[in-house]
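Visitor: I'll drop the sequence and a predicted model, then ask my questions.
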Amino acid sequence: MPSALQRNKLFSPIHLNTRIVIIPTYNEIENIEAMVRKVMSLQPAIDLLVVDDNSPDGTAALVKKLQPEYGEQLHLMERAGKNGLGTAYIAGFHWCLERNYEYICEMDCDFSHNPDDLPRLIANCEKGADATIGSRYVGGVVNVVNWPMGRVLLSYYASKYVRIITGLKASDATAGFICYHRKVLENVGIDRIHFKGYAFQIEMKFRTFRKGYKLEEIPIIFTDRTLGTSKMSTSIIREALFGVIELRLKWMFGKLF
């Protein structure tokens with residue numbers, strides 16, 4: 001009896017383009033049009049799935065307005081409420097897997113991740129990496145622009161903390177700019193992930209690493225947002241702090257997968 005995912009692969013529409021980026025949004029009206037147009041201009045072409053959590057500022061409505069211009073390259077998933085970054089990405093992963101995309105990226109909408117780096121992430125996976133991280137810290141902290149030094153140090157040492165606790169071989173454990181080969185998303189147990197903030201990003205990398213997939217980093221320049229509002233909160237930081245320990249314990253007791 002074929003699994004649900006196998007049935008989807010058999011009967012879902014096949015896209016000629018094998019590359020896509022998922023961008024979750026909540027109140028990104030200042031950034032979304034510029035981001036859509038930038039991603040749509042990249043070559044080779046990369047499709048875009050916007051996952052919007054019912055933004056009251058009209059983010060989804062603006063995406064809908066742009067869709068006729070870009071046809072089958074621009075997609076929108078609307079969700080009923082603000083349910084967290086992790087659940088948005090998981091919903092997006094399933095959408096992309098059902099449509100047979102091979103290289104599935106994730107990035108922020110605020111231009112802190114430069115869309116021009118997307119082809120580099122995908123190319124590195126095409127060369128053999130199973131997942132490629134756009135890393136702020138693979139060369140130190142010089143690749144972070146416009147962040148207060150306190151936040152730079154918090155993020156940098158948070159990644160070191162993650163590496164110590166989990167054994168993860170990644171300089172930028174909380175990075176949200178990544179390309180996954182579809183086989184990773186099919187096999188790391190994305191439906192068992194329950195973290196929603198930075199801990200989600202850590203868990204995705206940890207699961208990828210513990211499954212034995214080839215996880216690589218390439219350096220990027222990370223620039224803090226200039227428009228819109230950051231979604232960072234103390235609850236997100238707390239989730240990441242204690243979530244790392246939980247991940248380690250799950251692995252030790254054979255309950256991660």
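Guide: Yep, it's here.
Visitor: Flag the shaky bits of this structure, pLDDT-wise.
Guide: By pLDDT under 70, the weakly predicted segments of the chain are 1-16, 139-155, 224-240.
Visitor: Distance check, the most centrally placed residue in the chain against Leu118.
Guide: Central residue of the chain (Cα atoms, centre = their mean): Glu106, 3.0 Å from the mean position. In this view, Glu106 and Leu118 are 10 Å apart by Cβ to Cβ, to the nearest Å. Heads up, the C-betas are built off the backbone N, CA and C, glycines and all.
Visitor: between those two, what contacts are shared?
Guide: Shared contacts of Glu106 and Leu118, defined by Cβ atoms under 8 Å, 6 or more residues apart in numbering, comprise Val21.
Visitor: on that earlier part again, phi, psi for the residue nearest to the centre of the chain please.
Guide: Phi and psi for Glu106, reported as degrees, to the nearest 10, are phi -140, psi 140.
Visitor: again with the one 3 residues further on
Guide: Phi and psi for Cys109, reported as degrees, to the nearest 10, are phi -90, psi -10.
Visitor: cool, Ala61 as well?
Guide: phi -60, psi -40.
Visitor: ok, it - how many residues close by?
Guide: Taking other Cβ atoms under 10 Å as the criterion, the count of residues near Ala61 is 14.
Visitor: My guess is Lys169 contacts Leu215. True?
Guide: Yes: contact status for Lys169 versus Leu215: in contact at 6.9 Å, counting by Cβ atoms under 8 Å.
Visitor: Which neighbours do those two have in common?
Guide: Common neighbours of Lys169 and Leu215, using Cβ under 8 Å, 6+ apart, are Phe209.
Visitor: More neighbours: which of these two?
Guide: More neighbours surround Leu215 than the other of Lys169 and Leu215, with 21 against 12 (other Cβ under 10 Å).
Visitor: my guess is the more buried one meets Asn124, correct?
Guide: No: contact criterion Cβ under 8 Å: Leu215 and Asn124 do not qualify, at 10.9 Å.
Visitor: Please enumerate the shared neighbours of these two.
Guide: Residues touching both Leu215 and Asn124 (Cβ under 8 Å, 6+ apart) are Thr132.
Visitor: Give me the contact list for stretch 49-59.
Guide: By Cβ under 8 Å, 6+ apart, the list of residues contacting stretch 49-59 reads 20-29, 32, 36, 60, 63, 74-83, 88-89, 91-92, 95-96.
Visitor: Helices of this structure, start to end?
Guide: Using DSSP state H, the helices of the chain run over residues 4-11, 32-41, 59-70, 85-98, 118-126, 149-166, 182-187, 198-210, 234-252.
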